[in-house]
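Chemist: Below are the sequence and a predicted model for it; my questions follow.
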Amino acid sequence: MPGWIWLSAAVILSIAEALGGEFVLLMLGGGALITAGTSLFMPEILWLQLLVFAISSVALVMVARPALLKRFHTQNQIKSGVDAIVGSKATVIATVDSHGGQVKIGGEIWSATGVDGHRPLPPGTPVTVVEVRGATAVVIWG
C-alpha cells in the first residue's frame with residue numbers, strides 16, 4: 001500500500017480527533033503515520049504494514065493516551081470559601097482548646113477549637129486548620 005494512503009489516513013484521523021477529544025483517533029493517526037514511514041522502505045509488503053499499524057496504534061493507545069488524558073482532562077480546581085481554608089496554616093492568638101479560642105488565618109481572626117482530646121494550644125503556636133464548622137475553625141498543632 002503506498003505511503004501516501006497511510007499519510008492521508010493519519011491526517012484524516014487526526015482531524016477527526018477534534019470531534020471526539022478522547023485521543024483514540026489521534027493514536028490511530030499516529031499509528032498510520034508510523035506505518036506511512038514504514039511503507040516508504042517496504043511498499044510491497046502489505047501484511048507488514050498492517051502489523052506495524054496494529055502494533056504502533058495499540059502501543060500509542062496504551063502508553064501515550066493515558067498521559068494525554070491526564071494532562072488535558074485534569075480539572076483545575078481552585079479552592080474558594082471554606083475549602084480554601086481547610087489545610088491552611090494559622091497561628092493561635094488566644095489559647096485554643098476543645099471549648100474555644102482564636103486563631104489568625106491569613107490575616108483574619110477566626111474562632112477556633114482544638115481537636116477533642118488534644119492539649120490546649122497556647123498563643124503563638126502554629127496550627128493547621130483541619131475542618132471548618134460553621135464559623136469556627138477546628139485546628140491541630142503543626
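Modeler: Cool, got the structure.
Chemist: my guess is T113 contacts G100, does it?
Modeler: Yes. Using CB atoms under 8 Å, T113 is in contact with G100, at 5.8 Å. C-beta here means a position set from N, CA and C on the backbone, and glycine is covered the same way.
Chemist: Can you tell me how far the spatially most distant residue from the centre of the chain is from I5?
Modeler: In the chain, the residue that sits farthest from the middle, by CA atoms, centre = their mean, is E44; the gap is 44.6 Å. Separation of E44 from I5 (CB to CB, to the nearest Å) stands at 14 Å.
Chemist: the strands in the protein, which residues?
Modeler: Ranges of strands in the chain, per DSSP state E, are 89-97, 100-105, 108-114, 126-133, 136-141.
Chemist: Run through the neighbouring helices and strands of the last one.
Modeler: Judged by 3 or more CB pairs under 8 Å, 6 or more residues apart in numbering; DSSP states H and E, strand 136-141 is in contact with strand 89-97, strand 100-105, strand 108-114, strand 126-133.
Chemist: Could you dump those into TSV and include distance to V82 and mean neighbour count?
Modeler: As requested, the helices and strands packed on strand 136-141 are exported to TSV (distance: least, CB to CB, whole Å; neighbours: other CB atoms under 10 Å):
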stretch	distance to V82	mean neighbour count
strand 89-97	14	18
strand 100-105	11	19
strand 108-114	11	18
strand 126-133	5	16
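Chemist: With respect to A16, which of these lies nearest?
Modeler: When the helices and strands packed on strand 136-141 are compared by CB to CB, strand 126-133 sits nearest A16, at 47.6 Å.
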